[in-house]
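**Q** Sequence first, predicted model second:
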Amino acid sequence: MWFKQEMNKKDEISAGVGPKSSKSIRQKLESFSKEKKDYSPQTFGIPLFQVIANDRAYKQLQETVKSSRRLCLEVEATVTNFRAQMQKRSQMGRSCWLGAMSVDSITDLSDNSSKLLEALQLSHPHELHPRRSLGKKKMLSLNPITWQVPRIVDRCCKHIETYGLQTVGIFRVGSSKKRVQQLREEFDQGLDVFLDEHQSVHDVAALLKEFLRDMSDSLIPRELYAAFLSTASMEVPAQLVVLQLLLFVLPPCHSDTLHRLLRFLSKVAQHAKSSWGPNGQEIPGNKMTVSNLATIFGPNILQKEKPGEKDAGAKNFEDSTAIILVVQRLIEHYQTLFMVSPEMQHDILRRLFQTDPDVIDYLLRRKFNTVL
């Protein structure tokens with residue numbers, strides 16, 4: 001009996017189905033699953049400036065890869081051309097051993113010698129870039145501020161502007177949680193996600209709302225929450241003046257992203273009502289008025305508490321009403337709110353001329369180049 005039990009244990013161990021083996025496999029699978037999910041988020045739940053920094057880093061990586069591939073193709077074309085010419089010489093009676101070329105034979109082809117020598121001397125194509133850029137002037141920008149809108153916001157807006165302006169109930173109709181989660185994970189992993197006609201407009205709309213809702217620093221910073229809400233009780237002219245001043249103090253990335261979002265929401269609202277096409281056919285409206293959009297996006301743009309914090313979703317009726325009213329004003333008047341008056345521009349330029357003349361020089365040159 002004892003011998004039989006021992007033999008059974010050996011059989012289990014050899015088959016890999018013993019208790020210890022099963023536990024070990026389970027632990028490895030759990031560990032692998034944990035490692036797979038335990039990545040640093042690139043888009044959701046992190047500060048907006050970090051999202052934009054991640055986008056820039058990925059774009060630079062993509063440009064480097066494209067440059068390396070292009071140089072590979074150039075070198076390959078040069079080598080192919082060289083081989084063809086050498087074969088042609090061989091057919092004319094000249095001896096040529098491609099397997100044992102000397103540097104002298106390469107330099108005979110003056111138009112191809114540079115790339116061939118680089119191909120033979122350098123181990124990686126991307127190393128060609130520093131050599132090829134020698135002697136060229138490197139363009140430097142004095143302007144530290146660029147258009148700072150995260151990739152996910154711009155692509156979601158463009159997708160809906162292209163495919164969803166006539167979609168009835170956009171932002172209200174339910175989406176596929178599975179597909180939204182998949183898109184969210186792809187953006188969070190830093191992948192280059194393309195949104196085309198194959199993606200559901202409702203899924204993209206839900207993804208945009210989730211990004212705004214889960215921002216760790218809120219699109220309109222929380223320290224300005226009370227100031228923005230206080231404008232709800234003002235008359236429209238005074239309210240717009242105060243809102244503009246508040247928008248001026250937003251961080252550049254928040255200001256640019258809010259401007260992109262408001263421009264998009266304004267465009268959605270323009271297609272709320274049904275219209276008639278050139279042939280008399282009815283073009284259905286999306287039913288999303290400015291008031292409806294402000295009701296949906298208000299709590300995502302103006303947040304009093306961080307997502308997940310206690311009482312983060314609890315707002316009194318007065319706050320909710322004020323949020324909707326303020327966001328409605330932002331959508332309706334975004335063009336004038338983000339436009340600096342000539343008087344203020346003159347005052348800013350005068351001050352900058354005293355403190356940062358290089359910035360003034362850059363701005364004037366950029367304006368001149370734009371006009372040309």
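**A** All right, it came through fine. Numbers count the residues shown, from 1 in each chain.
**Q** Which phi and psi values does the residue nearest to Ser275 when sequence neighbours are not counted adopt?
**A** Sequence neighbours aside, Ile283 is the residue nearest to Ser275 in space, at 4.8 Å (criterion: CB to CB, 6 or more residues apart in numbering). Every residue, glycine included, has its C-beta placed from N, CA and C. Main-chain dihedrals, Ile283, degrees, to the nearest 10: phi -100, psi 110.
**Q** now swap in Glu282 and tell me
**A** According to degrees, to the nearest 10, Glu282 has phi -80, psi 130.
**Q** go on, Ile323?
**A** Taking degrees, to the nearest 10 as the convention, Ile323 sits at phi -60, psi -50.
**Q** OK, contacts around it?
**A** Ile323 makes contact with Leu229, Ala294, Gly298, Pro299, Leu302, Lys315, according to CB atoms under 8 Å, 6 or more residues apart in numbering.
**Q** Those: which two are farthest apart?
**A** Maximum pairwise distance among the contacts of Ile323 (CB to CB): 14.5 Å, between Ala294 and Lys315.
**Q** Neighbour count: those two, which is higher?
**A** More neighbours surround Ala294 than the other of Ala294 and Lys315, with 22 against 18 (other CB atoms under 10 Å).
**Q** What separation is there between the residue nearest to Ser275 and Tyr225?
**A** 39 Å (CB to CB, to the nearest Å).
**Q** Then Gly190?
**A** Taking CB to CB, one finds Gly190 at 31 Å from Tyr225.
**Q** cool, and Gln87?
**A** 75 Å.
**Q** Those two: which is more packed in?
**A** Neighbours were counted for Gln87 and for Tyr225 using other CB under 10 Å; Tyr225 has more, 17 against 12.
**Q** Now do the same contact list for that one.
**A** Ser218, Leu302, Gln303, Lys304.
**Q** quick one: buried residues of stretch 204-217?
**A** 204-215, 217 (16 or more other CB atoms under 10 Å).
**Q** Which elements pack onto the longest helix along the chain?
**A** In the chain, taking DSSP state H as the definition, the longest helix is helix 48-91. Packing contacts for helix 48-91, counted by 3 or more CB pairs under 8 Å, 6 or more residues apart in numbering; DSSP states H and E, involve helix 113-121, helix 128-132, helix 252-270.
**Q** follow-up on the earlier one: test my guess that the residue nearest to Ser275 contacts Ser274.
**A** Yes - using CB atoms under 8 Å, Ile283 is in contact with Ser274, at 6.4 Å.
**Q** and the nearest residue to Pro221 once chain neighbours are set aside, how many neighbours does it have?
**A** If the residues on either side of it in the chain are set aside, Pro221 comes closest to His254, at 6.7 Å by CB to CB, 6+ apart. By other CB under 10 Å, the residues close to His254 number 21.
**Q** Relative to Ile323, how far out is His254?
**A** Taking CB to CB, one finds His254 at 17 Å from Ile323.
**Q** now His271
**A** His271 is 24 Å from Ile323, by CB to CB.
**Q** do the same with Ser274
**A** Counting by CB to CB, the gap from Ser274 to Ile323 is 29 Å.
**Q** And the helices in the stretch 251-372 of the chain, which stretches?
**A** Using DSSP state H, counting those that start in this stretch, the helices found in the stretch 251-372 of the chain span residues 252-270, 290-301, 317-332, 334-337, 342-355, 357-371.
**Q** Using a markdown table, lay out those helices together with mean pLDDT.
**A** Below are the helices of the stretch 251-372 of the chain laid out as a markdown table (pLDDT from 0 to 100):
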| stretch | mean pLDDT |
| --- | --- |
| helix 252-270 | 95 |
| helix 290-301 | 96 |
| helix 317-332 | 93 |
| helix 334-337 | 94 |
| helix 342-355 | 81 |
| helix 357-371 | 74 |
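**Q** okay if I get those helices as CSV plus distance to Met234?
**A** As requested, these are arranged in CSV below (distance: least, CB to CB, whole Å):
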stretch, distance to Met234
helix 252-270, 19
helix 290-301, 17
helix 317-332, 10
helix 334-337, 14
helix 342-355, 20
helix 357-371, 33
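**Q** Which one of these lies nearest to Ser176?
**A** helix 290-301 (18.6 Å).
**Q** what angle sits between that closest one and helix 317-332?
**A** With axes from the mean of the first three to the mean of the last three CA atoms, to 10 degrees as the basis, helix 290-301 and helix 317-332 are set at 110 degrees to each other.
**Q** so what secondary structure elements neighbour helix 290-301?
**A** By 3+ CB pairs under 8 Å, 6+ apart, helix 290-301 packs against helix 201-214, helix 252-270, helix 317-332.
**Q** For the shortest one, name the packing helices and strands.
**A** Based on contacts counted as 3+ CB pairs under 8 Å, 6+ apart, the elements that helix 201-214 packs against are helix 151-163, helix 177-188, helix 290-301.
**Q** Of all those helices, which one comes closest to Leu243?
**A** helix 290-301 (12.8 Å).
**Q** How many residues are close by Phe44?
**A** Counted by other CB under 10 Å, the residues lying close to Phe44 total 18.
**Q** what do you get for Gln182?
**A** Counted with other CB under 10 Å, Gln182 comes out at 14.
**Q** got it, and Pro47?
**A** 13.
**Q** Repeat that for the one 5 residues further on.
**A** The criterion is other CB under 10 Å. On that basis, Ile52 has 21 neighbouring residues.
**Q** same check, this time on Ser255
**A** By the criterion of other CB under 10 Å, Ser255 has 18 neighbours.
**Q** now do Lys177
**A** Neighbour tally, Lys177, other CB under 10 Å: 10.
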